[in-house]
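Enquirer: 3D, please:
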Amino acid sequence: MDLQKPSREQPAARTEPHGRSAGTARAPEPARRASEEPGGCLTVAVRIPVRIVVLVLVVPLRMLWDALAVSGRFLNDVLLRPLGRALLWLARAVFVRPFVGLWRYVAVPVGKALARLGHVLLVVPAVWLHRHLLTPLGHAAALAARCLWAALAWLGRGVGAALGWMYGRLLTPVGHALTWVAKGLGLWLYTWVLAPAGRALARCGRGLVWLVSTVVGGIGTGLYWIARILLVLPVLALWRWVLAPVGRALAVVGREVADALAHAWRVAGHLSLAVGRFLAALFRWIFVEPVRWAYRRVLTPVGHALRDAVLRPAAEAARAAGRTARQALAAARDSARQARADLRRLLFGGPERPAPVDRREPSGREPRTLGSSTTALTKD
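Expert: Sure, this is the predicted structure:
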């Protein structure tokens, strides 16, 4: 087992035909690894015991995991999958097929009948009502609405003309006069009242803002330096001299533990595979091969001899006995049928024969001829 962590970034060196490296002379392997790997002696000191402990702990878990996986696959192939197929078939037979039959032979015909009934009872009367009642009423209502709209439009044009005359002759001159008075009064108020008051308020506001900004800036500067001295510098020192080294050490330990777990899991997988193959081979040589040998060398010849000496003659005798029994039963049925016919003839007499009728047609399979009086050409 390789206890040294391989480098992730160093490519393999290209060798020349005579076995020498194509590059320059390199440092010895342990010194080179120690110089290339991050972490130095701490990494090397942590890696070996961690990998040993993790390997000892992981190998039983990996073997248990592989055993459970093999057992699960065996149970799935032998028990769960056939059981699932049987349950699926049972569910299809119990639930799906009855519902399909109910839908196909009950729900669909009933739905079609209800749809036809609804069409006859609802759609046809609604169409008749719309065509012969609502449409004429709608046309009459539309005509009445057009007449009312024409009357309202005529009335609106009259009212609009009156309002237009009032606006042009009365409201417009009054509005012009009021606008002239408002412009003069507003200009005087802006020039002599609002503008001086606004300039005074602006100067006061600028002074107040300067005072507040000066006070707040001084307080903020003082609070900044107080917080920097009391909080930032201690936290920075704690981070730089305590937390960062401890974090780097924990990162090295965690990385090595993760690599050790992965390496131990792979090694345990190989060990579990080897143990599984050994147990499979042991089971095959202890149980399967003897059973196979016994089946091929003992049971098969005995079965063939039993088949040729006992089963086939017994089958032939059974088939012959069956044929004899069937023939006897057929003869008995024929005898019983003949006896019933004789008894019926004795009690009720034979069936009446129909009287011959002259159909002027050839009897039997005799062909028609031109010289015979029974053809269609020479009828009397």
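Enquirer: lowest-confidence helix or strand of this protein?
Expert: None of the helices or strands of the chain scores lower by mean pLDDT, DSSP states H and E than helix 29-36, at a mean of 42.
Enquirer: packing partners for the helix or strand harbouring residue 55?
Expert: Using DSSP states H and E, residue 55 maps to helix 41-75. Helix 41-75 is packed against helix 244-283, with contacts defined by 3 or more C-beta pairs under 8 Å, 6 or more residues apart in numbering; DSSP states H and E. Using the backbone N, CA and C atoms, a C-beta is placed for each residue, glycine as well.
Enquirer: at 10 Å instead, please
Expert: The contact analysis (3 or more C-beta pairs under 10 Å, 6 or more residues apart in numbering; DSSP states H and E) places helix 41-75 against helix 29-36, helix 244-283.
Enquirer: got the angle between that helix and helix 244-283?
Expert: 40 degrees (axes from the mean of the first three to the mean of the last three C-alpha atoms, to 10 degrees).
Enquirer: Quick check: mean pLDDT of helix 41-75?
Expert: Here helix 41-75 scores 79 as its mean pLDDT.
Enquirer: List the buried residues for the following helix or strand past it?
Expert: Per DSSP H and E, the first helix or strand lying C-terminal to helix 41-75 is helix 81-91. Neighbour counts over helix 81-91 (16 or more other C-beta atoms under 10 Å) mark no residue as buried.
Enquirer: Need the CA coordinates for the helix or strand following helix 81-91. PDB is fine.
Expert: Toward the C-terminal end, the helix or strand that comes next after helix 81-91 (DSSP H and E) is helix 97-102. The C-alpha trace of helix 97-102 is given here as PDB (Å, rounded to 0.1, in the frame of the first residue of the first chain):
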ATOM      1  CA  ARG A  97     -59.000  -4.400 -16.200                       C
ATOM      2  CA  PRO A  98     -62.300  -3.900 -14.200                       C
ATOM      3  CA  PHE A  99     -62.000  -0.100 -14.500                       C
ATOM      4  CA  VAL A 100     -61.200  -0.400 -18.200                       C
ATOM      5  CA  GLY A 101     -64.200  -2.700 -18.800                       C
ATOM      6  CA  LEU A 102     -66.300  -0.300 -16.700                       C
END
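Enquirer: Residues contacting helix 97-102, please?
Expert: Outside helix 97-102, the residues that touch it by C-beta atoms under 10 Å, 6 or more residues apart in numbering are 91-92, 107-108.
Enquirer: As CSV, these with distance to residue 221 would be great.
Expert: Shown next, in CSV, are these (distance: C-beta to C-beta, whole Å):
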residue, distance to residue 221
91, 79
92, 82
107, 84
108, 86
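Enquirer: of those residues, closest to residue 249?
Expert: Among these, residue 91 lies closest to residue 249 (C-beta to C-beta), at 59.6 Å.
Enquirer: Relative to residue 78, how far out is the closest one?
Expert: According to C-beta to C-beta, to the nearest Å, residue 91 and residue 78 sit 21 Å apart.
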